[in-house]
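> take a look and give me a structure for this.
(2 chains)
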Amino acid sequence: MYQYDRYDQQMVDARVAEFRDQVRRRLDGKLTEDQFKPLRLMNGLYLQLHAYMLRVAVPYGTLNSTQMHMLGTIADKYDRGYGHFTTRQNIQYNWIKLEDAPDILAELSTVEMHAIQTSGNCIRNISADHFAGAAADEVADPRPYAELMRQWSSFHPEFSYLPRKFKIAVIASETDRAAMRLHDIGIRIHKNDAGELGAAFYVGGGMGRTPMISHLVREWVPLDRLITYAEACLRVYNRYGRRDNKYKARIKILLHEIGAEDYAAQVDAEYQQLLDQGVEPPFAELQRIRTFFADPPFVEGLSDGVDQSDPAFAAWVQQNTHLHRVHGYTSATISLKPVGGIPGDATAAQIHLMADLAKEFSFDECRVTHAQNIVLPHVEQRRLYELWQRLDTAGLATANLDNIGDIIACPGLDYCSLANARAIPLAQKISQRFSDNGKDAVIGELKLKISGCINACGHHHAGHIGVLGVDRKGRENYQLLLGGSEGADTSLGKITGPGFDEDGVVDAIEKTTEVYLAQRQDGERFLDTYRRIGMEPFKEALYG
Amino acid sequence: MKILTGSDLKSGAVVWWDGSSWSLHVEDACDVGEDAASIAAREEAERRVVVPYAIEATTDAQGRVRPAHIKDRIRALGPTVRADLTLRPADPEAGTWVI
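Residues are numbered from 1 along each chain as shown, chains lettered A, B, ... in the order given. You can find the predicted model right below:
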């Protein structure tokens, strides 16, 4: 994986020193909160419901064991013994003291990590396929391109004060595992008929209060023009994006208002101009970055196959492992969704254990997924049982990936100052209900996503079943959505009708699954059945 | 009644104005009446609190102060999903009034 050069390290260290001085001046009274707030946000430090919250960037979700250990150390030393992995492949700490924040950033810097651009109207952490470099279906490892974009977007002076925040995802396979079509820019690396690699640019996707699926604005951008085209996309947005209304300031609104074709034409004109100005980094830099993502020393000649005579292990293998491009290996997902647990939370001890397991079993690498789980990307199949036993002992072997228990949930009103309703207790109740009634495995793939407010950090628009928490006359109320998807078949969920209270929505979800189980045909997922039979049978069951 | 709340500058902890200083316990909050803005301005200038704001509150049958809105009740308790992280971790009933 990528390693900082001296410029990267100097930039991060300089930012730590700068922020340390800013915190000192805030505590000394030389900066007011109005003056300090934008400075702390530029360093990922929010003031949330109960305390300061620090969001740490995990570039494209990739961590080595040293970095993962540091995340556990920070949880223990500066927080309350746990961290929360987010839907942007980052980690958040909920109980940070202002005076500790510079020390935390200094410790992160020692392992080439930071919290820069995890807030504010700038280009945020670049996300990517969590199986990058491992998936059998990818045409290339997308991370060198994500890393190039990270370097380009870090401290980019022109794009530090955009109309609104800006999120980019990069994938390199037909299967979208990064919700790419729901980002401001989604980049899909693909091959042409001649076997050359290029990038398709999808622009104008997003969730939030106005969910939209992105538009394909250019099918083919040569890889040695990747930054130039991205710069053109951002320039047109920066020029015309609305700054008068924050609710209409995202790029998706710009494309909606002027049309994707007009936007693409303007980007193309800008692109042609930029080609002459030489904004593209030397291709040698991309090649240099690529060397950091070379294959680990895989053992050659291993055969595929795992002894699944232990039923609990077999269930985990079938649910939580993913096809690797190298024979004899697999990618293993560690579910951070134990039955009745808090989605995405991990204790310091669990974080340290996952770091150790990454080192022992996966060439010192792990990944954070946007579904709030952890992946060990390169595990020898012959060592999978040993890995599972270690996970099982630590309560990390829940076999529920992509099932109804693998719920995405934002922190909600338990932690977030923007939230209108709690999301976590709902996730806990649902997961417990479907474990107790034994339907979790019977139902199969069903992606359930819960947001505690319209900002949609819990991706409720993209859930096969989505839940949106709202404030109804001072009480929590939950709207139910059906039919969303974030994959290659991206779609936005539709609201079923009037909302429910906390217990009512759990019952409603169970009724919804009963309709599915009664109506499904061979091999159909919940989403397939919904798309075939439509909303009416579900509405009838819920309200009829 | 109106009570005043905010966050401690250094720790970010939720605090409540008790008439002379800031308390971690909502039960200590006092009715600030029409003085909320002046108290908030003075305390913020002295860097004793961040983002102070006044909220509506009531008292329960035992006379204990309870914020009117669920968001502030959760601020007063701590996360409802982690009793161990609330101000009264040993008392599982501590949050029965919050939701």
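
> which helix or which strand is home to A:Pro281?
Assessed by DSSP states H and E, A:Pro281 sits outside every helix and strand.

> OK, contacts around it?
A:148, A:151-152, A:227 (CB atoms under 8 Å, 6 or more residues apart in numbering or on different chains). C-betas here are computed from N, CA, C, even on glycine.

> same check, this time on A:Tyr271
Neighbouring residues of A:Tyr271 by CB under 8 Å, 6+ apart: A:225, A:228-229, A:232.

> need the next SSE after the longest helix seen in chain B, C-terminal direction.
Criterion DSSP state H: the longest helix present in chain B is helix B:36-45. Once helix B:36-45 ends, the next helix or strand along the chain (criterion: DSSP H and E) is strand B:50-59.

> parallel or antiparallel, list what pairs with that next one.
Using DSSP bridges, the strands paired with strand B:50-59 are strand B:2-7 (antiparallel), strand B:65-67 (antiparallel).

> buried sites along that strand?
The neighbour-count check on strand B:50-59 (16 or more other CB atoms under 10 Å in any protein chain shown) flags B:50, B:52, B:54-55, B:57 as buried.

> one step back: could you dump the strands paired with strand B:50-59 into JSON lines with mean neighbour count and mean pLDDT added?
Converted to JSON lines, the strands paired with strand B:50-59 look like this (neighbours: other CB atoms under 10 Å in any protein chain shown; pLDDT from 0 to 100):
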{"stretch": "strand B:2-7", "mean neighbour count": "23", "mean pLDDT": "98"}
{"stretch": "strand B:65-67", "mean neighbour count": "20", "mean pLDDT": "96"}
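
> got these as JSON lines, with distance to A:Arg475 columns?
Formatted as JSON lines, these follow (distance: least, CB to CB, whole Å):
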{"stretch": "strand B:2-7", "distance to A:Arg475": "21"}
{"stretch": "strand B:65-67", "distance to A:Arg475": "14"}
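
> sorry, back to before: which one of the contacts of A:Tyr271 is nearest to chain B?
Nearest to chain B among those: A:Ala232, at 39.5 Å, using CB to the nearest CB.

> got the buried residues for stretch A:191-199?
Neighbour counts over stretch A:191-199 (16+ other CB under 10 Å) mark A:198-199 as buried.

> related to what we said a few turns ago, now render the buried residues of strand B:50-59 as JSON lines, adding distance to B:Ile99 and pLDDT.
Output for the buried residues of strand B:50-59, formatted as JSON lines (distance: CB to CB, whole Å; pLDDT from 0 to 100):
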{"residue": "B:Val50", "distance to B:Ile99": "27", "pLDDT": "97"}
{"residue": "B:Pro52", "distance to B:Ile99": "25", "pLDDT": "97"}
{"residue": "B:Ala54", "distance to B:Ile99": "23", "pLDDT": "98"}
{"residue": "B:Ile55", "distance to B:Ile99": "17", "pLDDT": "98"}
{"residue": "B:Ala57", "distance to B:Ile99": "16", "pLDDT": "98"}
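
> would you mind naming what in chain B lies close to chain A?
For chain B, the residues in contact with chain A (CB under 8 Å from any CB of the partner chain) are B:7, B:9-14, B:44, B:47, B:50-51, B:68-71, B:74-75, B:78-82, B:85, B:99.

> of the residues you listed, buried ones?
Buried by 16+ other CB under 10 Å: B:7, B:9-14, B:44, B:47, B:50, B:70-71, B:74-75, B:78-82, B:85, out of the residues of chain B next to chain A.

> in strands, which of these fall?
Residues from these lying in strands, with DSSP state E as the criterion: B:7, B:14, B:50.

> name the residues of the stretch 301-450 of chain A found near chain B, please.
A:342, A:413-415, A:417, A:419, A:422, A:424-425, A:428.

> switch the cut-off to 7 Å
Neighbours of chain B within the stretch 301-450 of chain A, by CB under 7 Å from any CB of the partner chain: A:342, A:413-415, A:422, A:424-425, A:428.

> which strand or helix spans A:Ser435?
Assigned by DSSP H and E, A:Ser435 belongs to helix A:424-436.

> which residues does A:Ile189 form a beta bridge with?
A:Ala199.

> what residues does it make contact with?
By CB atoms under 7 Å, 6 or more residues apart in numbering or on different chains, the contact set of A:Ile189 is A:139-140, A:142, A:145, A:172, A:197, A:199.

> where does the nearest residue to A:Arg290 once chain neighbours are set aside land on pLDDT?
Excluding the flanking residues, the one nearest A:Arg290 by CB to CB, 6 or more residues apart in numbering or on different chains is A:Pro144, at 4.6 Å. Reading off the confidence values, A:Pro144 has pLDDT 97.

> a helix runs through A:Pro144, doesn't it?
Yes. Per DSSP: H, G, I helix; E, B strand; the rest coil, A:Pro144 lies within a helix segment.

> what number of residues lie near it?
With neighbours defined by other CB atoms under 10 Å in any protein chain shown, the count for A:Pro144 comes to 25.

> re earlier: show me the residues of chain B next to chain A that map onto helices.
If you go by DSSP H, these have B:44, B:70-71, B:74-75 in helices.

> A:Ala346 touches A:Thr86, doesn't it?
No. Contact criterion CB atoms under 7 Å: A:Ala346 and A:Thr86 do not qualify, at 11.9 Å.

> who has more neighbours, those two?
A:Ala346 (27 against 22).

> who does the more buried one form a beta bridge with?
Those that pair with A:Ala346 in a beta bridge, by DSSP bridges, are A:Gly83.

> just the pLDDT for it.
At A:Ala346, the model reports a pLDDT of 98.

> same question for B:Leu85.
Looking at B:Leu85, the pLDDT reads 94.

> for it, give me its contacts.
Taking CB under 7 Å, 6+ apart, one finds A:80, B:78-79 in contact with B:Leu85.

> what of A:Tyr46?
A:52-53, A:55, A:119.

> again, only this time at 6 Å
Taking CB atoms under 6 Å, 6 or more residues apart in numbering or on different chains, we find A:Tyr46 in contact with A:Met53.

> circling back: most neighbours of all the contacts of A:Pro281, which one?
Comparing the contacts of A:Pro281 by number of neighbours (other CB under 10 Å), A:Leu148 comes first, having 24 neighbours.

> checking that residue next. Helix, strand or coil?
Secondary structure state of A:Leu148, per three-state DSSP, is helix.

> so which elements touch the longest helix seen in chain A?
When chain A is parsed with DSSP H, its longest helix is helix A:6-28. Counting contacts by 3 or more CB pairs under 6 Å, 6 or more residues apart in numbering or on different chains; DSSP states H and E, helix A:6-28 packs against helix A:101-109.

> helices and strands around the helix it packs on, which ones?
Contact here means 3+ CB pairs under 6 Å, 6+ apart; on that basis helix A:101-109 packs against helix A:6-28.

> one more pass at 8 Å, please.
Where contact means 3 or more CB pairs under 8 Å, 6 or more residues apart in numbering or on different chains; DSSP states H and E, helix A:101-109 is packed against helix A:6-28, strand A:52-56, helix A:65-77.

> how far off centre is the second one?
This points to strand A:52-56. In terms of CA atoms, centre = their mean, to the nearest Å, the centre of strand A:52-56 is found 16 Å from the chain centre.

> what pairs with it, parallel or antiparallel?
In the sheet, strand A:52-56 lines up with strand A:45-47 (antiparallel), strand A:91-96 (antiparallel) (DSSP bridges).

> now the longest one: mean pLDDT?
Strand A:91-96 shows a mean pLDDT of 98 in the predicted model.

> is A:His461 in contact with A:Ser491, as I believe?
No. Counting by CB atoms under 8 Å, A:His461 does not reach A:Ser491; the two are 9.1 Å apart.

> hey, what's in contact with both of those two?
Shared contacts of A:His461 and A:Ser491 (CB under 8 Å, 6+ apart): A:Gly484.

> more neighbours: these two, which one.
A:His461 (28 against 18).

> I appreciate the help and will end here.
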